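Asker: Take a look and give me a structure for this.
(one chain, ligands or ions: 2)
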Amino acid sequence: MDKIDFSLWLKEMDLAHPLVIAGPCSAETEEQVLKIAHELKKTDATVFRAGIWKPRTRPGNFEGNGARALPWIAKVKEETGLLTTVEVANAQHAKLALEFDIDIIWIGARTTVNPFAIQEIADALHGTDKIVLVKNPINPDLALWIGAIERLYTANIKNLGAIHRGFSSFKKTKYRNNPQWQIPIDLKNKYPTLPIICDPSHICGEREGIFEVSQTALDLKFDGLMIETHFDPDNAWSDAKQQITPTRLTEITKALRVRKGRVEEKDSVEKLSNLRAKINILDQQLIDLLSDRMSVAEKIGLVKKESNVAILQRARWQEVIGKMVEEGVSSGLSAEFIEKIFKAIHQESIEHQKRIVNS
Ligand code: PEP
Ligand code: MN
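Answerer: Ligands and ions are numbered 1, 2, ... in the order given. Next comes the predicted model:
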């Protein structure tokens, strides 16, 4: 599917700021749900989230209250007027969410990976005018994410959106789920009218990074944020480390810069901030790649030490630099530039290997 006409549900909501969805990771008790919702009423949040069926990595943890929590969520809407959203993971959940008039249904990362589950949910929701938001799959696979959105669209569900919550990686990074921003950017390039919301809570896995990730998302023109919020984050029954209080949520939304230029230069201001945000991400990737390269160089250093060979293997180095200059030139970079960069990288590798060999 190359062209899809998504509905403009988000524009119709006519918000003064990006959409803010907030609420606890899990609906724990009726009192907890209502207390948080009333506190959120005083913030920029317009949608209340709570997980009622909780996908937990390992058994033995709190797995949610299930359907008995649906009336609590309905009460949130009744008492506060906030819109509501819950996660569904199968057809039964989807039907119950419709029955309880939940406004927005979100599909979790562990469900998006499974086309059978998505098809089941799409069939259960067929033709609904509720909003359906699709989280990215846990693995960095854009096609799988797009496939889920297309299955829902094909089931005549037009009020769609995506949620970016980062991607699992074997290698531990500073994030719980690595944002790999290029993937949501590619999704946006494929479907420019599809609203896309960032979930900094599940990207960060801890409170501290939430502001920064939210700002990056806004710099990249994301349409909203989903942030886990609890009146007592430390004692939350799930995801305690990443939840923030409603007060902190307000501090964050007030401090976030939604970039707007003066009308006559709006376009260029926007373009510039988009491009700069991309540069920041690419620079971070350069650092990550260089650090990965040094780790491999250190392993080579270990082998050299064990077999007692010299650090500098001239023939190999000539081969590397020759090949890289050739590659660089064919990618539009000057030979001098590539030589300079690779000499510096090589020098740094030698320093790392020296430390290993002489240890
Ligand atoms: C959640 O939003 O609480 C959740 C389980 O998220 P994810 O599907 O992103 O892991
Ligand atoms: Mn959570």
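
Asker: how about the strands of the stretch 1-150 of the chain, start to end?
Answerer: 19-23, 47-49, 83-88, 104-107, 131-135 (DSSP state E, counting those that start in this stretch).

Asker: Let me see the domain layout of this protein.
Answerer: 8-255, 268-357 (automatic domain parsing).

Asker: Quick one: the ones you listed as JSON lines, columns for distance to Asp2 and mean neighbour count too.
Answerer: (Glycine included, C-beta is placed from N, CA and C.) As requested, the domains of the chain are exported to JSON lines (distance: least, C-beta to C-beta, whole Å; neighbours: other C-beta atoms under 10 Å):
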{"stretch": "domain 8-255", "distance to Asp2": "9", "mean neighbour count": "19"}
{"stretch": "domain 268-357", "distance to Asp2": "23", "mean neighbour count": "13"}
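
Asker: Go through this structure and flag its longest helix.
Answerer: helix 266-306 (DSSP state H).

Asker: residues from this structure in reach of ligand 1?
Answerer: 25, 51, 55, 108-110, 135, 165, 202 (C-beta under 6 Å from any ligand atom).

Asker: which residue does the stretch 51-200 of the chain bring closest to ligand 2?
Answerer: Gly51 (6.2 Å; C-beta to the ion).

Asker: Tell me which other helices or strands the least confident helix or strand in the chain by mean pLDDT touches.
Answerer: Of all helical and strand segments in the chain, the minimum by mean pLDDT, DSSP states H and E falls on helix 266-306, at a mean of 89. On a contact count with 3 or more C-beta pairs under 8 Å, 6 or more residues apart in numbering; DSSP states H and E, helix 266-306 meets helix 210-219, helix 335-357.

Asker: out of those helices, nearest to Thr245?
Answerer: helix 210-219 (11.8 Å; C-beta to C-beta).

Asker: Now find how far off-centre the closest one is within its chain.
Answerer: 11 Å (C-alpha atoms, centre = their mean, to the nearest Å).

Asker: ok, and the closest non-adjacent residue to whichever residue of the chain sits closest to ligand 1?
Answerer: In the chain, no residue comes nearer to ligand 1 than Gly108, which is 3.1 Å away by C-beta to the nearest ligand atom. With C-beta to C-beta, 6 or more residues apart in numbering as the criterion, Gly108 has its nearest non-adjacent residue at 4.8 Å, and that residue is Glu87.

Asker: show me what contacts that neighbour?
Answerer: Residues counted as contacts of Glu87 (C-beta atoms under 8 Å, 6 or more residues apart in numbering) are 51-53, 55, 93, 105-108.

Asker: Name the weakest-confidence residue in the residues you listed, if you would.
Answerer: Within the contacts of Glu87, the minimum per-residue pLDDT falls on Pro55 (88).

Asker: Next, see if stretch 98-111 gets close to ligand 2.
Answerer: No: Stretch 98-111 stays clear of ligand 2 (C-beta under 5 Å from the ion), getting no nearer than 9.2 Å.

Asker: ok so, going back, now the least confident helix or strand of the chain and helix 210-219, what's the angle there?
Answerer: Relative orientation of helix 266-306 and helix 210-219, computed by axes from the mean of the first three to the mean of the last three C-alpha atoms, to 10 degrees: 120 degrees.

Asker: which helices and strands sit right next to the helix or strand following helix 266-306?
Answerer: Per DSSP states H and E, the first helix or strand lying C-terminal to helix 266-306 is helix 314-330. In terms of contacts (3+ C-beta pairs under 8 Å, 6+ apart), helix 314-330 is packed against helix 335-357.
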